[in-house]
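Visitor: next input, structure requested:
(one chain, ligands or ions: 1)
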Amino acid sequence: MSDMISERQALAVRMHEAGVFAHPEWRRAVESVPREVFLRPGVFVPDETGRWSPVPADRLDPALAYSDQSLVTQLDDAITTDDVSEAVRGTPTSSSTVPSLVVDMLGKAGIERGHMVLEIGSGTGYSTALMCHRLGADAVTTVEVDPGVARRAHDALVKAGYGPQVVTGDGLLGHPGGAPYDRIISTCAVRRVPYAWLRQTKPGGTILTTVGSWPNGAGLLRLTVNQDGSAEGRFLEHTSFMQARAQVPPPVARDLAARIAYADSSRVTYTHPSLLLGGGMPAFLAQLSAPGSQVIRTADEEGLFQTVLVDAERESFAQFIPDGRQWQVRQGGPVALWDDIERMLRAWQRAGSPGIETVRVYVTVDSHTYRVNDDAVLRWQHRLLPLSPRGRATHAECS
Ligand SMILES: C[S@@+](CC[C@H](N)C(=O)[O-])C[C@H]1O[C@@H](n2cnc3c(N)ncnc32)[C@H](O)[C@@H]1O
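Guide: All right, here's what the predicted structure looks like:
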């Protein structure tokens with residue numbers, strides 16, 4: 001089936017030297033699972049112009065297949081290397097995640113032999129195969145929202161000798177058919193942890209997922225499910241994953257000028273808006289303060305870059321305009337986005353700029369509460385708004 005054995009072993013050695021394996025059986029899984037089988041029909045490699053060059057599976061360099069990097073297999077929810085012969089522009093929508101990141105997450109989720117595991121975001125099926133190798137295929141269920149991606153993952157898993165249940169569906173709903181699970185692990189990012197995942201995890205079980213609304217502001221969250229159906233835990237580190245499809249932010253860049261035409265206020269800010277773009281704790285905390293917002297960086301006709309924060313759900317914006325050594329911030333709409341974020345960033349600095357590992361989370365059926373240490377100001381509650389006696393709103397309100 002495969003003759004890339006030496007490359008596979010070399011990857012396992014590099015990962016071992018980097019201290020990635022929480023258990024020797026994960027090393028054996030990496031040594032055994034042929035990643036190239038999962039990279040079909042091929043991968044996209046970025047070029048220096050920002051385009052993606054297709055590399056069909058039969059021309060895949062073994063060094064690339066076993067590089068410790070993410071390999072993109074689909075663009076714009078549809079395009080695979082079968083569809084194009086030249087470099088194209090597009091947004092990655094499915095991939096094989098960085099192997100060391102996957103294995104690190106399997107360790108952090110505390111996955112062990114005997115566990116029943118639900119994976120959200122099958123992608124190529126490579127991470128599914130690693131789990132099948134260690135736990136047996138009967139213990140693994142994987143959910144993928146894209147039918148074509150799910151079919152290819154299923155076929156690759158079968159070809160590699162594994163037969164877990166591959167479900168085509170929205171992973172935000174979990175997969176009740178296989179519940180309860182000991183572990184739920186997600187390889188796509190969610191804006192909040194779906195309550196279905198709590199319901200489908202055994203008390204004492206673990207949920208590991210990337211949580212965040214901004215690609216550069218997300219963190220890896222580990223939760224333990226309580227007897228009463230709530231869950232609690234903390235963020236482990238900053239991380240970044242493709243957003244769950246239903247939660248991809250709406251396109252606002254095209255009509256940006258109209259959205260920011262009328263401001264309610266304009267003032268000087270000494271807090272540099274590039275903090276929003278840089279990632280780390282400022283971006284993480286900013287997206288907690290304005291969870292429905294997105295940061296847009298555009299160039300005007302003169303080629304000058306501008307940064308704009310848009311909250312489409314709450315019809316509000318903050319636009320930053322350079323003004324000598326400081327910035328003017330124009331804010332419009334019912335929520336003064338930057339006032340909230342700037343106040344929170346100052347409180348965070350006063351508290352000694354604590355790291356993401358100090359952020360604790362408590363999840364119930366209708367709320368997420370985030371706390372930085374026990375700071376009275378650095379605390380957010382995102383609630384799901386009741387819509388009617390029969391249903392609930394699907395968006396979070398921040399209080
Ligand atoms: C980074 S890839 C997963 C990588 C995969 N674990 C691997 O090792 O190949 C993220 C995947 O999540 C899928 N996805 C996005 N939203 C989803 C959802 N709501 N439910 C299930 N899968 C989803 C995407 O289609 C994509 O294939």
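
Visitor: what's the span of stretch 205-216, first residue to last?
Guide: Start-to-end span of stretch 205-216 (Cα to Cα, to the nearest Å) is 28 Å.

Visitor: give me the distance between Arg346 and His382.
Guide: Note on Arg346: its distance to His382, by Cβ to Cβ, to the nearest Å, is 21 Å. (C-beta placed from N, C-alpha, C; glycine too.)

Visitor: cool, Gln9 as well?
Guide: Distance, Gln9 to His382, using Cβ to Cβ: 45 Å.

Visitor: neighbour count for these two, which is higher?
Guide: Applying other Cβ atoms under 10 Å to Gln9 and His382 shows that His382 carries more neighbours, namely 20 against 14.

Visitor: residues touching Gln328, list them.
Guide: Shown in contact with Gln328 (Cβ atoms under 8 Å, 6 or more residues apart in numbering): Ser266, Arg267, Val268, Thr269, Phe320, Ile321, Pro322.

Visitor: among those, name the buried ones.
Guide: Neighbour counting by 16 or more other Cβ atoms under 10 Å classes Thr269, Phe320 among these as buried.

Visitor: from the contacts of Gln328, which is closest to the ligand?
Guide: The ligand has its nearest neighbour among the contacts of Gln328 in Phe320, at 31.4 Å by Cβ to the nearest ligand atom.

Visitor: on the three-state scheme, the closest one is what?
Guide: Secondary structure assignment for Phe320 (DSSP: H, G, I helix; E, B strand; the rest coil): strand.

Visitor: check Ser274 too.
Guide: Assignment for Ser274 (three-state DSSP): helix.

Visitor: and the closest residue to it other than its chain neighbours, how close does it get to the ligand?
Guide: With sequence-adjacent residues excluded and distances taken as Cβ to Cβ, 6 or more residues apart in numbering, Ser274 is closest to Thr307, at 7.2 Å. Using Cβ to the nearest ligand atom, to the nearest Å, we find Thr307 at a distance of 27 Å from the ligand.

Visitor: could you do Gln287 as well?
Guide: Distance from Gln287 to the ligand, by Cβ to the nearest ligand atom: 18 Å.

Visitor: and what of His382?
Guide: 19 Å.

Visitor: which other helices and strands contact the host helix or strand of that residue?
Guide: Using DSSP states H and E, His382 sits within strand 379-386. Judged by 3 or more Cβ pairs under 8 Å, 6 or more residues apart in numbering; DSSP states H and E, the packing partners of strand 379-386 are strand 367-372, strand 392-398.

Visitor: weakest of those by average pLDDT?
Guide: Mean pLDDT values for these show the minimum at strand 392-398, a mean of 43.

Visitor: near the ligand, which residues of the chain?
Guide: 93-97, 102, 120-121, 123-124, 126-127, 143-146, 149, 170-172, 187-188, 241-242, 244-246 (Cβ under 6 Å from any ligand atom).

Visitor: just the ones of those in helices?
Guide: Among the residues of the chain next to the ligand, the residues falling in helices (DSSP state H) are Val102, Tyr126, Ser127, Val149.

Visitor: what sits against the second one?
Guide: What it means is Tyr126. By Cβ under 8 Å, 6+ apart, the neighbours of Tyr126 are Val33, Arg35, Phe38, Ser96, Thr97, Pro99, Val102, Ala156.

Visitor: quick one: contacts for the closest residue to the ligand within the stretch 151-300 of the chain?
Guide: Nearest residue of the stretch 151-300 of the chain to the ligand: Gly171, at 2.9 Å (Cβ to the nearest ligand atom). Listed by Cβ under 8 Å, 6+ apart, the contact partners of Gly171 are Ile120, Gly121, Val143, Glu144, Val145, Ser186, Cys188, Ala244.

Visitor: could the residues you listed go into CSV alongside neighbour count?
Guide: Shown next, in CSV, are these (neighbours: other Cβ atoms under 10 Å):
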residue, neighbour count
Ile120, 27
Gly121, 29
Val143, 24
Glu144, 28
Val145, 22
Ser186, 27
Cys188, 23
Ala244, 21
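
Visitor: care to break the chain down by domain?
Guide: Split into domains by automatic domain parsing, the chain comes to 5-238, 249-350.

Visitor: as a markdown table, these with mean pLDDT would be great.
Guide: Listed next are the domains of the chain as a markdown table, based on pLDDT from 0 to 100:
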| stretch | mean pLDDT |
| --- | --- |
| domain 5-238 | 97 |
| domain 249-350 | 88 |
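
Visitor: so what's the residue count around Gln165?
Guide: Gln165 has 16 neighbours, counted by other Cβ under 10 Å.

Visitor: which residue sits closest to it, ignoring its sequence neighbours?
Guide: Of all residues not flanking Gln165 in the chain, Thr141 sits nearest, at 4.5 Å (Cβ to Cβ, 6+ apart).

Visitor: check the secondary structure at the one you found for me.
Guide: Three-state call for Thr141 (three-state DSSP): strand.

Visitor: and it, how close does it get to the ligand?
Guide: Applying Cβ to the nearest ligand atom, the value for Thr141 to the ligand is 12 Å.
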